[in-house]
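Enquirer: Turn this into a model:
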Amino acid sequence: MIEIYTDGAASGNPGPGGYGVILRSGTHYKELSGGFRMTTNNRMELLAVIEGLQIIKKPGAQVTIYSDSKYVVDSVEKKWVFGWVKKGFKDKKNKDLWIRFLAVYKLHEVKFIWIKGHNSHPENERCDELAVAASKDRGTQQIDTEFEAEKSRGTLL
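Expert: The predicted model follows:
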């Protein structure tokens with residue numbers, strides 16, 4: 001059993017953003033984070049989940065993901081994303097990330113649990129700290145290529 005705690009942040013939304021992830025399984029514990037110069041909060045929330053799932057080495061793992069993002073949790077648990085796939089993601093944001101998510105999601109047995117953000121949940125608070133710190137670290141910020149390309153083309157929905 002693997003627990004993944006996630007959070008995303010963006011200052012300005014869009015603006016500089018980051019994600020934070022905690023993975024826990026038995027005595028194993030790992031933290032991940034990354035920052036981007038221009039992105040959105042929802043992209044970082046979803047990317048946190050992707051990054052957490054991608055690090056799991058063995059397929060078929062039982063994974064519980066804890067997230068304060070209704071956008072991510074409801075999209076999967078209410079099966080909206082699977083309808084979006086059937087419609088080719090027509091008029092949906094973050095298609096690139098949802099496709100990446102689905103590729104790693106199908107490798108494991110995943111369930112989501114929504115937790116209220118900024119509610120003194122220790123792992124959620126730590127993920128928020130990681131995400132915010134990564135969003136502010138100008139020296140390591142990456143480029144959210146797809147987001148910036150869509151923004152410059154004026155095709156963001």
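Enquirer: Spell out the residue ranges of the helices in the protein.
Expert: Assigned by DSSP state H, the helices in the chain fall at 41-54, 70-77, 80-86, 95-105, 122-136, 145-153.
Enquirer: among those helices, which is nearest Q62?
Expert: Closest to Q62 of the helices of the chain, according to Cβ to Cβ: helix 41-54, at 12.4 Å. All C-beta atoms are positioned from the backbone trio N, CA, C, and that covers glycine.
Enquirer: ok, residues contacting that closest one?
Expert: 4, 6-10, 13, 17-21, 23, 32, 34, 36, 63, 65, 67, 69, 71-72, 93-94, 97-98, 100-101, 104-105, 107-108, 110, 127, 131, 135, 144, 147 (Cβ atoms under 8 Å, 6 or more residues apart in numbering).
Enquirer: Any quick ChimeraX command for the buried ones out of these?
Expert: Here is the ChimeraX command that selects only those of the contacts of helix 41-54 that count as buried (16 or more other Cβ atoms under 10 Å):
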select :4,6,7,8,9,10,17,18,19,20,21,23,32,34,36,63,65,67,69,71,72,93,94,97,98,100,101,104,105,108,110,127,131,135,144,147
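Enquirer: what's near enough to touch the nearest residue to S75 once chain neighbours are set aside?
Expert: Of all residues not flanking S75 in the chain, V81 sits nearest, at 4.8 Å (Cβ to Cβ, 6 or more residues apart in numbering). By Cβ under 8 Å, 6+ apart, the residues touching V81 are 75, 98, 101-102.
Enquirer: Columns pLDDT and distance to L47 on top of these, output as TSV?
Expert: Compiled in TSV, these are given as follows (pLDDT from 0 to 100; distance: Cβ to Cβ, whole Å):
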residue	pLDDT	distance to L47
S75	97	14
W98	97	11
F101	98	9
L102	98	14
